[in-house]
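> Give me coordinates for this.
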Amino acid sequence: MIAAFAYARVSSREQEREGYSIPAQRKLLSEYGRAGGYSTRHEFIDIESAKNPGRKEFTKMLRLLETDDTCRVVLVEKTDRLYRNRADALAFETLIEKRGVEIHLVKEGRVISKESRSQDKFMHDIHVAVAKHYVENLKEEVKKGMREKAEEGIYPGRAPIGYRNNPATRTIDVDPERAPMIRRIFELYATGEHSLITLRKAVLNELGLRLARSYFETILKNRFYLGYFVWQGVEYKGTHQPLISGQLFDQVQDVFAGRNKPKHRKHDFAFAGLLKCAHDGCTVTAERQKGKYVYYRCSHGRGKCSLPYMREQDVSDRMGKVLKDIYVPETVAETIVSSLDSDRARADSERQKRMEATQQRLAVLRTRMDQMYEDKLDGKIDSADSSQSCRGSRWGSPTTSY
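Numbers count the residues shown, from 1 in each chain. Model (predicted):
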């Protein structure tokens, strides 16, 4: 009996399909092996897609074929069970040419080896190309289907907390248990009395909901709870039920904006934050004495330190002695200036592009407003429709960021 490896594979979505199950493949390979005089030394089974390299059992089989001289035969149902990408196909081509490996494609009735006819190798290459094309085409179709779903207002991904995916209708439903918790989180933070840390504690105490602090920010800035969602960089109006009002969302964003305002120091010291203590590595802090003298000292973060108080003028003189000995070659200085000029030119270009995009958007909005005004004068829309459109302009259409 000739020693052989048997390889079977299914992807998760194909696992229950007739003719693709692991037991069916094992039975087919076992019968083929007995009829051909092959003894299955080891079975390798993967339950994952073959579109990308890196399958666990497949990789293990490759390593054994590279090192084990007693087994040179691989039994597999057909080409796309073995690989659907060119990298894995090339790996096997190398084994075939350098190690004398044979691939027995049972359902295709073909053996690929170093001595195979050019016709068989050609047909095998075609099967590899077809398998790769199938994967790429399937990927495109999936993306197309998800984009079409998004355009219909149905979020194609996993619903955030407060909602749940409905597998029967393929829509997003409100989670009756957690939706009230999400509303309460927005209400608590909108008061302005909480940081994210204290909000986390309040939600845990009041609602029993334990979430990471960073996740609270994700929730509070997510327009999904307003009825919108972003898919592939585009915002869509969703068909799912909003959990909060636009007013509440605005209040929360205002709180975030207030907390993110830059904090200004009461005193502006020349070397604040720039110095470290040579004795213990703590930060050297500055303080003003008698209203006009600035001294620097160790912050004593690790206990008492022998670093003496230093007047700002003394620190400035010592820093000057160090800096005056630094020489920057002219070529380096020119490179720095050139880099700064390039960065400034690039920033100006980006700013100009954003300005032009904003102006184009503004022109479109003005055109729409003029058209609405003309339609109103012509009686095509009444006052109720016009006011409703104006009220909905804020939340009724996706926004564009520049």
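
> Now G157. Nearest residue, chain neighbours left out?
Nearest residue to G157, sequence neighbours excluded (Cβ to Cβ, 6 or more residues apart in numbering): W231, at 7.5 Å. Placement of C-beta: from N, CA and C, glycine included.

> Got phi/psi on that neighbour?
With angles defined as degrees, to the nearest 10, W231 sits at phi -130, psi 120.

> Kindly report the same for V10.
Per degrees, to the nearest 10, the backbone of V10 is at phi -140, psi 150.

> Check E102 too.
phi -120, psi 140.

> ok so, going back, next up, the contacts around the residue nearest to G157.
W231 makes contact with M146, R147, A150, Y155, P156, G157, according to Cβ atoms under 8 Å, 6 or more residues apart in numbering.

> do V255 as well
Y189, A190, G192.

> Any idea how far stretch 218-234 is from the middle of the chain?
15 Å (Cα atoms, centre = their mean, to the nearest Å).

> Adjust the sequence numbering to begin at 64 for everything that follows.
Yep, numbering from 64; the last one is stretch 281-297 now.

> Can you spell out which helices and strands pack onto the strand or helix carrying R72?
Secondary structure from DSSP states H and E places R72 in strand 65-73. Applying 3 or more Cβ pairs under 8 Å, 6 or more residues apart in numbering; DSSP states H and E, we find strand 65-73 packed against helix 85-99, strand 101-110, helix 119-130, strand 136-139, helix 142-145.

> In the chain, which helix is the longest?
helix 393-440 (DSSP state H).

> Run through the neighbouring helices and strands of it.
By 3+ Cβ pairs under 8 Å, 6+ apart, helix 393-440 packs against helix 446-455.

> looking only at pLDDT, what's the mean for the helix it packs on?
Mean pLDDT, computed over helix 446-455, is 49.

> ditto for stretch 136-149
87.

> what do you get for stretch 248-259?
91.

> ends of that stretch, how far apart?
Separation of the first and last residues of stretch 248-259 by Cα to Cα, to the nearest Å is 10 Å.

> same thing with stretch 355-365?
29 Å.

> List of residues touching it?
332-334, 338, 340, 342-352, 368, 370-375, 378.

> Scan the contacts of W294 and report the most crowded one.
Highest neighbour count within the contacts of W294, by other Cβ atoms under 10 Å: Y218, with 23 neighbours.

> ok, that residue - contacts?
If you count contacts by Cβ under 8 Å, 6+ apart, then Y218 has I235, F287, F292, W294, G301, H303 around it.

> How about the first one, nearest residue that isn't a chain neighbour?
Read it as I235. Using Cβ to Cβ, 6+ apart, the nearest residue to I235 is H303, at 4.1 Å.

> what separates the longest helix of the chain from the chain centre, distance-wise?
Per Cα atoms, centre = their mean, the centroid offset for helix 393-440 relative to its chain is 28 Å.

> Stretch 125-136 now?
Per Cα atoms, centre = their mean, the centroid offset for stretch 125-136 relative to its chain is 39 Å.

> Give the buried residues for that stretch.
By neighbour count on 16 or more other Cβ atoms under 10 Å, the buried set for stretch 125-136 is L125, L128, C134, R135, V136.

> got those residues as JSON lines, with distance to E106 columns?
Below are the buried residues of stretch 125-136 laid out as JSON lines (distance: Cβ to Cβ, whole Å):
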{"residue": "L125", "distance to E106": "15"}
{"residue": "L128", "distance to E106": "14"}
{"residue": "C134", "distance to E106": "12"}
{"residue": "R135", "distance to E106": "17"}
{"residue": "V136", "distance to E106": "13"}
